[in-house]
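> Next one to model:
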Amino acid sequence: MDKLRCIEVFIEVAQGLSFSGAAQRLGMAKGNVTKHIAWLERELGVQLLQRTTKSVSLTESGLALLENGRDLLEHMEGVETAVRRSVKEPKGMLRVGTPPSFGAFHLVPVITAFSAAHPDIRVVMYLDDGRTDLVGEGLDMSVRIASSLKDTSQVSHRLARVPQVLVAAPAYLARRGRPASVEDLARHDCMVHALKSPTNVWSFQGPGGKVTVRVGGTIRANFGEPLRHAALLGHGISMHPTYMVSEDLRQGRLEAVLADYRPTELEIHAVFPSRRNLPLRVRTFLDFLKGWFSQPRWEDVAS
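Purely as a prediction, here's the structure:
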């Protein structure tokens, strides 16, 4: 039998000191009420009620269960109410993974606006390289940026497209010269992203169609920000999504290289483990992200 249900039946009997009254209030047969009480006494190993042909009274154990049982049922009602409310009102903790640069410059503004609109949802950002196991790390969602997503076991929603651009510092271009063609990149210091595959092949869409080139250099990194910083120091040429370097280009700290050749475009995806039983807080944040990124959030500085 359901122990919680038996306690509920017991409390009805104990409050009125009547099996018949409890049966009537609960809509049960009197014999069924007796079976619930008998099962509960066997389960607890104590006698809860003293019964005669004329009266019912509580034992010491029965009195203790009545007091604590009321608190238990009130607590369970509170839990049920909270669960039902969580389905109708988004609340709780939302754990979101994001690449560091994108998270710092573009996801933080989203989260601050979202938090202002939904103060009952607490957002925790986890900076990762896009390979984190969502389930293993307990993430509700991750923002992934790639030319294509390789893990088809997860559910994803594309939020935006992001152009990429080749950049270098004016000092580097003055020292080494400006590449005039994609083939010239093979003779330059090109800093590559260590997690992209293949790491040393860059693809472009040019005036004559698609072209690829094998590049090399002395610096690699598994995040884009160190490569950007190395480019600012004049170390070489690097490829970045426009959201990362648009301000550097506007300020003249970096210059676009081979503007007629467009690197492979990236896509920003919201990724979550499963579409089934998606918590309301996650659905609410996903809808917010869709609305936020439906408008351009960075310039196509390569044009």
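> from here on, contacts and neighbour counts on C-alpha atoms
Noted.
> what about residue 162, how many neighbours?
Residue 162 has 23 neighbours, counted by other Cα atoms under 10 Å.
> which ones are touching it?
Counting by Cα atoms under 8 Å, 6 or more residues apart in numbering, residue 162 makes contact with 241-243, 265-268.
> And those residues, which is closest to residue 89?
Looking at those and their distance to residue 89, the nearest is residue 268, at 27.6 Å (Cα to Cα).
> helix/strand/coil for that closest one?
Of the three states, residue 268 takes strand under DSSP: H, G, I helix; E, B strand; the rest coil.
> most surrounded residue in the contacts of residue 162?
Among these, the one with the most neighbours (other Cα under 10 Å) is residue 241, at 24 neighbours.
> Next, give phi and psi for the residue nearest to it when sequence neighbours are not counted.
In space, residue 241 comes closest to residue 164 once its chain neighbours are excluded; the distance is 4.1 Å by Cα to Cα, 6 or more residues apart in numbering. Residue 164 has phi and psi values of phi -110, psi 160 when expressed as degrees, to the nearest 10.
> repeat for residue 68
Backbone dihedrals for residue 68, given as degrees, to the nearest 10, come out at phi -80, psi -30.
> can you count the residues close to it?
Residue 68 has 12 neighbours, counted by other Cα under 10 Å.
> How about residue 121?
Every residue meeting other Cα under 10 Å relative to residue 121 is counted, giving 20.
> Quickly note the distance from it to residue 213.
47 Å (Cα to Cα, to the nearest Å).
> Check residue 226 too.
To residue 213, residue 226 is 23 Å away according to Cα to Cα.
> what does residue 156 give?
Here the distance between residue 156 and residue 213 works out to 31 Å (Cα to Cα).
> and the two? which has more neighbours close in?
residue 156 (21 against 15).
> So the closest residue to the more buried one other than its chain neighbours, which state does it fall into?
Once its chain neighbours are removed from consideration, residue 156 has its nearest residue in residue 271; the separation is 4.3 Å (Cα to Cα, 6+ apart). Assigned with three-state DSSP, residue 271 falls in the strand class.
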